[in-house]
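Q: how would this look folded up:
(one chain, ligands or ions: 2)
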Amino acid sequence: MQPWLVLDTTAAHVFERWRRRFEENRHRPDPDWSLGAEIPAALAASLARFQIGEGSDGDGMIRAAARSGQAGYLAAVRLFVNEEQDHSRLLGRLLAAAGRPTITAHWSDTVFRSLRWRARLRREVMVLTVAEVCALPYYQAVRDGADDPLTREVAARILADEQEHVPFHLHCLRLEFAGLPAPVRALLTAVWWALFVPSAAVVAVNHRAALRLLRMPPTRYFSEACRLFASVNRETGNRGSILPARRL
Ligand SMILES: [Fe+2]
Ligand SMILES: [Fe+2]
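A: Ligands and ions are numbered 1, 2, ... in the order given. The predicted structure is shown next:
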């Protein structure tokens, strides 16, 4: 069992709140796909890459959560994984509505999966949080900058979910970091930044054509992602529970 689950007696209650939130989210209606969508080729190619990343089976995360020995956390994680897979489904339907193709693999997704290979919970959640924070300014740019209404609607829904995923992971990481000596925490923070900066830079470069279409210069995307990640880092060092109402 993870020590934080013994130390933090409110953890089960908090994760039950998260589980209920993810459960509520499952009952939302789909956008009206019959509206159809018009998506420029550069944005469609970019969304297709995000669609791959969202579609992970989450096996590693579920295994790591199962090893925590905390049934409430595992139940919340299963629903979290379902929600991520639903993002992949929504993006797939959006691309289909626009007559744009999906893809079956992309090297960036393979790299992220390999970083999480056989990871214990802390590494799993830290790597996942990097991907989540990279996604936030991207989906915000799609929501605010796409010309197509269906695209904006799908992006708004995914962004709203991602804004909750980060606090969900933060709650877990606060518990993970709480029992560590300060030098270990400092080392982990340095490694975390060393993973984040190239990841955000790769998104900025890889998706530059789409970001420009969305009137978000890649440099602004990068600085916004770094600002969010700095705030995540500060939050990880704090104590206390993070409930579903909390957003970054
Ligand atoms: Fe997602
Ligand atoms: Fe997410």
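Q: so what's the model's average confidence on stretch 182-202?
A: Averaged across stretch 182-202, pLDDT comes to 94.
Q: how distant is it from the center of its chain?
A: 17 Å (C-alpha atoms, centre = their mean, to the nearest Å).
Q: going forward, the N-terminal residue is numbered 13.
A: Understood, numbering begins at 13; the last thing we discussed is stretch 194-214.
Q: just the buried positions in that stretch, please.
A: R197, L200, W204, L207, F208, S211, A212, A213 (16 or more other C-beta atoms under 10 Å). C-betas here are computed from N, CA, C, even on glycine.
Q: and the contacts of it?
A: 120, 127, 134, 138-139, 142-143, 145-146, 189, 192, 233-234, 237-238, 241, 245, 248-249 (C-beta atoms under 8 Å, 6 or more residues apart in numbering).
Q: which parts of this structure are strands?
A: Counting by DSSP state E, the chain has no strands to list.
Q: interface residues of it facing ligand 2?
A: E144, E174, H177 (C-beta under 5 Å from the ion).
Q: filter the contacts of stretch 194-214 down to the buried ones and hand me the ChimeraX line.
A: Entered in ChimeraX, the line below selects the buried ones among those, by 16+ other C-beta under 10 Å:
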select :120,127,134,138,139,142,143,145,146,189,233,234,237,238,241,245,248
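Q: which of the contacts of stretch 194-214 fall in helices?
A: 120, 127, 134, 138-139, 142-143, 145-146, 189, 233-234, 237-238, 241, 245, 248 (DSSP state H).
Q: per-residue pLDDT, the residue positioned nearest the centre of the chain?
A: The structure's the chain has its C-alpha centroid closest to E144; by C-alpha atoms, centre = their mean the separation is 2.7 Å. Per-residue pLDDT puts E144 at 95.
Q: no further questions, thank you.
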